[in-house]
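Visitor: Let's see this in three dimensions:
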Amino acid sequence: MSGAARARAETMESHPLTYPGGPRDGDAAPIDRVVALFSGAASAGPAAEAEADDWSASLTAVRGVAARVRGLQASARESVREAQHSVRAAETARRAAEDRARHAESLLRAALERAEQAEAQARAAAERAERAEAERTEARGWLRRMHECMVNEFGALSEAADQP
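Guide: The predicted model follows:
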């Protein structure tokens, strides 16, 4: 084995490129081959030498990974667009809710002002009614005194006119 091949084999033994399930019985996955190509490491054994010459499989693996990356990028862009749309919709809804709240507050203030005015008018009307009742009571008392006065003053005249 040449010095370069031995170095690659030692690198592979110290840093194996495998999936979480462990090595695949000497059959490296396409992604492992691609990573090994770019990291400078090669698989050990005769299968590795045969696979090292299998450039089309490596290119296919690179194309597959690139396609998956492009798909993930497109999915990420779509997710970002959807998130931005959701944020804009939420912002619009928030502004609309704030506008409705401000409008409701102004309606409430106007209603409170009208209620205070109505309350003031009711108090004024009650005061006027009390004054009118007091004036009526005073007028009745005055009329009673006037009647008594007339009866007392003119009662003797009517008795004298009734007698011949």
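
Visitor: What is the helix or strand hosting Thr137 packed up against?
Guide: If you go by DSSP states H and E, Thr137 is part of helix 55-162. The elements that helix 55-162 packs onto, with contact taken as 3 or more CB pairs under 8 Å, 6 or more residues apart in numbering; DSSP states H and E, are helix 30-39. Every residue, glycine included, has its C-beta placed from N, CA and C.

Visitor: Now with 10 Å, please.
Guide: helix 30-39, helix 46-52 (3 or more CB pairs under 10 Å, 6 or more residues apart in numbering; DSSP states H and E).

Visitor: which stretch in the ones you listed is the model least sure about?
Guide: Mean pLDDT values for the helices and strands packed on helix 55-162 show the minimum at helix 46-52, a mean of 53.

Visitor: Could you list the low-pLDDT ranges of the protein?
Guide: Low-confidence segments of the chain, defined by pLDDT under 70, span residues 1-31, 33-53, 158-164.

Visitor: Try it again at 90.
Guide: Applying pLDDT under 90 to the chain flags residues 1-59, 150-164.

Visitor: contacting residues for Cys143?
Guide: Rather than Cys, residue 143 is Leu. By CB atoms under 10 Å, 6 or more residues apart in numbering, no residues touch Leu143.

Visitor: ok, Val65 - how many residues close by?
Guide: Other residues lying near Val65 total 14 when counted by other CB atoms under 10 Å.

Visitor: typo on my end, Ser58
Guide: 18.

Visitor: Going forward, the N-terminal residue is numbered 56.
Guide: With 56 as the first residue, the last one maps to Ser113.

Visitor: Could you check how far it is from Ala121?
Guide: Taking CB to CB, to the nearest Å as the measure, Ser113 falls 12 Å from Ala121.

Visitor: and what of Arg132?
Guide: From Arg132 across to Ala121, the span is 16 Å (CB to CB).

Visitor: Kindly report the same for Thr192.
Guide: As judged by CB to CB, Thr192 and Ala121 stand 104 Å apart.

Visitor: what's the answer for Ala129, then?
Guide: Distance from Ala129 to Ala121, by CB to CB: 13 Å.
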